[in-house]
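Novice: Predicted model and sequence below, questions to follow.
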Amino acid sequence: MKVRVLVSFKESVLDPQGQAVKNALLTLGYDFIKDVRQGKVFELELNDISREEIDKVIPEISHKVLSNPIIERFEWEILK
Amino acid sequence: MKVRVLVSFKESVLDPQGQAVKNALLTLGYDFIKDVRQGKVFELELNDISREEIDKVIPEISHKVLSNPIIERFEWEILK
Amino acid sequence: MRFGIVVFPGSNCDYDTLHVLKYVFKQEAFFLWHKDHDLKNADCVILPGGFSYGDYLRSGAIARFSPLMQEVKEFSLSGGIVLGICNGFQVLLELGLLPGAMLRNKNLKFLCQNVHLRIETTDTPFTNKGKPGQVLNIPIAHFDGNYYIDGPGLDKIKKNNQILLRYSSAEGHLTKEDNVNGSLDCIAGLVNENRNVLGMMPHPERASETLLGSRDGHIIFDSIIYYIKNDR
Amino acid sequence: MIDDSIIKEHGLTQEEYKRITALIKREPNLTELGIFSLMWSEHCSYKSSKIHLKNYPTSGKNVIQGPGENAGIIDIGNGLAVVFKIESHNHPSFIEPYQGAATGVGGILRDIFTMGARPIATLNSLRFGPLSVPKNKTVMEGVVSGIAGYGNSIGVPTVGGETYFDECYSLNPLVNVFCLGIAKKDKIFYSRAEGIGNPVLYVGSKTGRDGIHGATMASAEFGEDLEQKRPNVQVGDPFKEKLLLEACLEVMEKNLALGIQDMGAAGLTCSTTEMAANSGTGIEIDINLIPQREQGMTPYEIMLSESQERMLIVAQKEKVKQAQSVFAKWDLDAVIIGHVTDTQNLKVKSGDKTVVDLPLRAIINQCPVYNREAKPPAPPAPVIDLNDISFPENYEQAFLQIIKSPGLADKQWIFRQYDHMVQTNTTVLPGADASVLRIKNTNKALAVTLDGNSLYTYVNPRSGGIIAVSEACRNLACVGAKPVGVTNCLNFGNPEKSEIMWQFKEAVHGIAQACKAFQIPVTGGNVSFYNETEGIPIYPTAVLGVVGVIDALDKIMTPEFKAPGDTILLLGENKEELGASEYMNQIHSKKGGPPPEIDLRKEKRVQSLCLKAISKNMIKSAHDLSEGGLAQCLAECCLLGKKRIGCRINLEDKIRTDALLFGETQSRILISLEEDQEDAFKSLAGKRKVPYSIIGKTGGENILIKHLGEKIINIPVQKVYSLWKYSLPGFFKIE
Ligand SMILES: Nc1ncnc2c1ncn2[C@@H]1O[C@H](COP(=O)(O)OP(=O)(O)O)[C@@H](O)[C@H]1O
Ligand SMILES: [Mg+2]
């Protein structure tokens, strides 16, 4: 089983890395870029685990370990 | 228009961050974790751009700016 | 006085801190191994600088799960003196012993340099030897030292007088240039509500010997020693 | 199965292949061929450079270990030894600047701690193409952050280095990394596989398909998506290395290892064969026991992998358990992969099957040695005739242009990305002539510097070599240190070309000559050939790393002016020498010889006078003159201090003003001292037959320079400071 967790900064938190990427792209002439936000992605490969367990445990892991809730939010999906 | 680009290390490249996260999760008792790979995610907000242009320009940006093709690969999708 | 210095895998200022406490301040100082459950009767616990667990994931994020941190948490809740320096500060934030979080430095580069710090309050175990408004010269060395807290959080730490050190100019003015990492409100160090836990990004152990250019770190260590000897 | 194309892909010549078959009396299999190709590569075997490197002086009463081991070792008293070495990581840093530079740092650190020394500092010598080209900026930014990323994390301060820019490095940047460690003299470890039957331990990261050379292409079985799957670039893991460092030092401290070697270039192949060959034993390992990161790796891939952060250890049978428990404490696996034999053979098995069976002598000792043809280039390097050179219209402008050129501007943009203070030993921070590290619990300090001017070496390789050593020693003299040992990194083009070989031979002779004159042993180094792209070589770039000792902590000198009203004095003479200077390059866009002359006896007198004056507390600052000449040197003395003090200078030499300001005449040091020390100093200089001139006073808000009474330069220090300080950051602005 494979799960993907995406972690990104909350809207209210400044994302200097995303800004830097945005500026780099604008400098290169990609002027259709309106905004860039940068975050992290985790791909977790899991052994023998039920769908119910996943629903319980992935949000837990994401909240407790993979993200810092003070500045970040997360979303997740099952890949296969 | 919003596009998401995921960048991660190629399969055979060492991913020390993913390993560290994996070990941390195992230590915390999440013993169903088989492997973790960590990557980056970029969310690009775009102004007036056609679907055809996106198809051309997003792979270009991803290859040239957002990823390092020597060690990383990318995938992308349109969010809305 | 007994100083316990926590060693995580990846700590790299553990020896520096030990050296200063032992040979400059002539205190009893020893390491505490992260896998243990024993603070060895320390009067003060120090979380040193470095890259615990490589700072992979987020700075300080994995170290907070170390077995010993449960003890450190209890120690602090019972009023024990805890000092987190640099990576140690980041661990304290991740652990929730201090409010807020660290973002990447505003210039997106690691920064190692001397900075000026203004003492904002002397009403703590860590600054009682200083004067309010006094400017210290202490180096920083970090990638993620751009302090962040939300609006209500900031109001609260201000109201409680928790901000201990701010990045400033040599004259004690708060300017954008002197706030090298972009920290909110120029915050370089803050204490918890109980004032017994300090997190600071600058390295006082690197500024405790004349040979190394500054002795201003003495204020921090002298204050702790004085506090533990007398105030408690 | 081994045909001509496979031999060629492995970088071996037909003759070399024949030699192999003669030595082992059969055809090698593919894995064995891979092993030979690695061990007989220029990088591992030094087959083209060996006969010239023999000219280096390598012995001396304090030499504990000269060239040949992982690093050189010098006794510095107090029961302590310094262990140091320099390495190149040029090619990887061009392909992937961040990881290339990072793994370069990781590699040199392992070379040091594998000998039982705790690394206390690294330095780096960097060469890039001009920053006006975006690609060069990207490379530089990646390299600097890669060095920072690795060094900062592992907690070894990056305390200095040098950075130059030239067209010739655009497609071939250089990244040379130096590391210095301290060991107890009686706790030094070597690369040895001793005691028949003793187990061989593998520690650290798992083996992946990292950095397996283009050689893999030789085999059809790998399929065509090779590039996709098997990148040549290794990713560094400084966290893992930090654990390895602490664990290995603990194992050695507890005497749980007999021999130890890092797996650097040529990975398992190099470590197994060298350890056994050094001890005259043999070694047998089982490929199936090697921890592997990927599935389905072949013995070929495993033996040739350059995965980072791995060590090989030979331990006594009865101590293995204890050693393993130390590694476990640091969350590292240490697995037994084989044992020491008495066969003088390398045997690699895959379970019951033998996949490699080679005599060590053939691999290590019988590699061919070449005496390649060396001929001066035709036409020779250009020479500048000063009669053709006009004077600048405006000296102030010329001065400022030189000051803000990236090579001479402030390098804080670089070194503030490096943690240069961790370990709390750095007493003279980057920015001075040499960096100084106190040795805790002693009254001593160490000074280190890297130096090498490749334009000098290009126009005259021998002078370039001599000057590089001299300048490095002069840098040490300026902080109050006596040189004790030398390491060097020789970056050259293709040695199969006679003019490159000539440059190499000449430079090595120059370095050897100077080291003999200064009586300092060369304890090791690194040769990096084939630094060319599309047939165009880099300038021959010899980087010298010199380590010095300061005997008392209160005798450490720094370059900046300390107070207004002090006397400024110039040691040495000013000559009309502008060849190969930064001035010719920046202002006249000319690169040509001759380089400045150098007289080693004079040079030594100047240095020893400087040292003497420091030890007698006579002087308050000392700074050597190098690129940019007197004007640059004066400016640095004004700018480097926190106080930024100006100066008023009167020059009386009857030579060209441009040569006086910007000429790079050797054997000169600028010092400042209090007026009441002047007489004492003069008599000391007189006794030691060192020419000097009193050229002015410190103080004021300006840098004011007069020549024969005429005002040439008069600029506020603050203005010079801004240009010098913000030049490099200006290239890398983020909005
Ligand atoms: N790549 C680098 N890393 C760290 N420090 C550097 C680097 N390049 C230059 N520096 C520092 O900047 C200062 C000036 O460099 P340089 O002009 O090469 O000195 P010098 O003329 O004495 O050889 C030196 O103190 C050096 O340590
Ligand atoms: Mg110099």
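Specialist: On my side now, so go ahead. Ligands and ions are numbered 1, 2, ... in the order given.
Novice: Would you tell me which strand is longest in chain A?
Specialist: strand A:33-46 (DSSP state E).
Novice: In chain C, which residue sits closest to ligand 2?
Specialist: Nearest residue of chain C to ligand 2: C:Gly213, at 20.8 Å (C-beta to the ion). (Each C-beta comes from the backbone N, C-alpha and C, glycine too.)
Novice: ok, and for the least confident helix or strand in chain A by mean pLDDT, which residues are buried?
Specialist: Every helix and strand in chain A was compared by mean pLDDT, DSSP states H and E; the lowest is helix A:16-27, with a mean of 92. Neighbour-count burial for helix A:16-27, counted by 16 or more other C-beta atoms under 10 Å in any protein chain shown, picks out A:Pro16, A:Gln17, A:Gly18, A:Gln19, A:Ala20, A:Val21, A:Lys22, A:Ala24, A:Leu25.
Novice: Let me know the closest of those to ligand 1.
Specialist: Proximity of the buried residues of helix A:16-27 to ligand 1 (C-beta to the nearest ligand atom) peaks at A:Ala20, which lies at 23.0 Å.
Novice: wait, isn't the closest one in contact with C:Lys109?
Specialist: No. Using C-beta atoms under 8 Å, A:Ala20 makes no contact with C:Lys109, being 10.7 Å away.
Novice: do the helix or strand encompassing C:Gly88 and chain D meet?
Specialist: For C:Gly88, the enclosing helix or strand under DSSP states H and E is helix C:87-95. No. Shown here: helix C:87-95 not in contact with chain D (C-beta under 8 Å from any C-beta of the partner chain), separated by at least 10.4 Å.
Novice: Export only the CA atoms of that helix, formatted as PDB.
Specialist: Taking Å, rounded to 0.1, in the frame of the first residue of the first chain, the C-alpha atoms of helix C:87-95 are listed here in PDB:
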ATOM      1  CA  ASN C  87      19.000  23.500  17.500                       C
ATOM      2  CA  GLY C  88      18.100  23.100  21.200                       C
ATOM      3  CA  PHE C  89      15.700  26.000  20.800                       C
ATOM      4  CA  GLN C  90      14.200  24.400  17.700                       C
ATOM      5  CA  VAL C  91      13.700  21.200  19.700                       C
ATOM      6  CA  LEU C  92      11.900  23.100  22.500                       C
ATOM      7  CA  LEU C  93       9.600  24.700  19.900                       C
ATOM      8  CA  GLU C  94       8.800  21.300  18.300                       C
ATOM      9  CA  LEU C  95       8.300  19.900  21.800                       C
END
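Novice: after it, next one along is what?
Specialist: strand C:101-103.
Novice: taking the mean pLDDT, what do you get for whichever helix or strand comes after that next one?
Specialist: Using DSSP H and E, the helix or strand that follows strand C:101-103 in sequence is strand C:111-119. Per-residue pLDDT over strand C:111-119 has a mean of 98.
Novice: ok, A:Leu17 touching C:Lys106?
Specialist: Quick fix: residue A:17 is Gln, not Leu. No. Contact criterion C-beta under 8 Å: A:Gln17 and C:Lys106 do not qualify, at 10.8 Å.
Novice: Now do the shared contacts for these two.
Specialist: Common neighbours of A:Gln17 and C:Lys106 are not found (criterion: C-beta atoms under 8 Å, 6 or more residues apart in numbering or on different chains).
Novice: Just give the number of residues close to A:Phe9.
Specialist: The burial count assigned to A:Phe9 is 21, neighbours taken as other C-beta atoms under 10 Å in any protein chain shown.
Novice: What sits closest to it if chain neighbours are left out?
Specialist: What sits nearest to A:Phe9 in space, not counting adjacent residues and going by C-beta to C-beta, 6 or more residues apart in numbering or on different chains, is A:Asp15, at 4.7 Å.
Novice: what about the stretch 151-300 of chain D, any weak spots by pLDDT?
Specialist: Within the stretch 151-300 of chain D, the stretches with pLDDT under 70 are D:213-232.
Novice: can we see that at 50?
Specialist: Scanning the stretch 151-300 of chain D for pLDDT under 50 picks out the ranges D:214-230.
Novice: Could you check which residue of it lies nearest chain B?
Specialist: D:Asp237 (3.8 Å; C-beta to the nearest C-beta).
Novice: pretty sure that residue is touching B:Leu14, no?
Specialist: Yes. Taking contacts as C-beta under 8 Å, D:Asp237 lies within contact range of B:Leu14: 6.5 Å.
Novice: what's the overlap in contacts for those two?
Specialist: Counting by C-beta under 8 Å, 6+ apart, the residues touching both D:Asp237 and B:Leu14 are D:Ser205, D:Gln308.
Novice: Please identify which of these two sits among more neighbours.
Specialist: D:Asp237 (28 against 24).
Novice: Could you find the closest non-adjacent residue to that one?
Specialist: Distances taken as C-beta to C-beta, 6+ apart place B:Pro16 nearest to D:Asp237, at 3.8 Å, with adjacent residues excluded.
Novice: What residues sit buried inside stretch D:668-675?
Specialist: Within stretch D:668-675, the residues that count as buried by 16+ other C-beta under 10 Å are D:Arg668, D:Ile669, D:Leu670, D:Ile671, D:Ser672, D:Leu673.
Novice: Need the contact partners of stretch D:373-387.
Specialist: D:458-460, D:498-499, D:501-505, D:576, D:578-579, D:584, D:590-594, D:656, D:659.
Novice: filter the residues you listed to the buried ones?
Specialist: Here, 16+ other C-beta under 10 Å leaves D:458-460, D:499, D:501-505, D:578-579, D:584, D:590-594, D:656, D:659 buried among those.
Novice: Show me what residue of chain A gets nearest to ligand 2.
Specialist: For chain A, C-beta to the ion, closest residue to ligand 2: A:Ala20, 34.7 Å.
Novice: Just confirm yes or no for stretch D:161-181 near chain C.
Specialist: No. Using C-beta under 8 Å from any C-beta, stretch D:161-181 stays clear of chain C, with a minimum separation of 14.2 Å.
Novice: Thought D:Lys242 was touching the residue nearest to D:Asp237, still the case?
Specialist: No. Using C-beta under 8 Å, B:Pro16 is not in contact with D:Lys242, being 11.5 Å away.
Novice: what do these two both touch?
Specialist: C:Gly54.
Novice: can you list contacts of the helix holding C:Gly88?
Specialist: Here helix C:87-95 makes contact (C-beta under 8 Å, 6+ apart) with A:68, C:6, C:8, C:11, C:13, C:46-52, C:55, C:58-61, C:63-64, C:69, C:72-73, C:82, C:84, C:98-102, C:142, C:144, C:189, C:197, C:199-201.
Novice: Which ones among the residues you listed lie within helices?
Specialist: The helices, defined by DSSP state H, take in C:Met69, C:Val72, C:Lys73 from the contacts of helix C:87-95.
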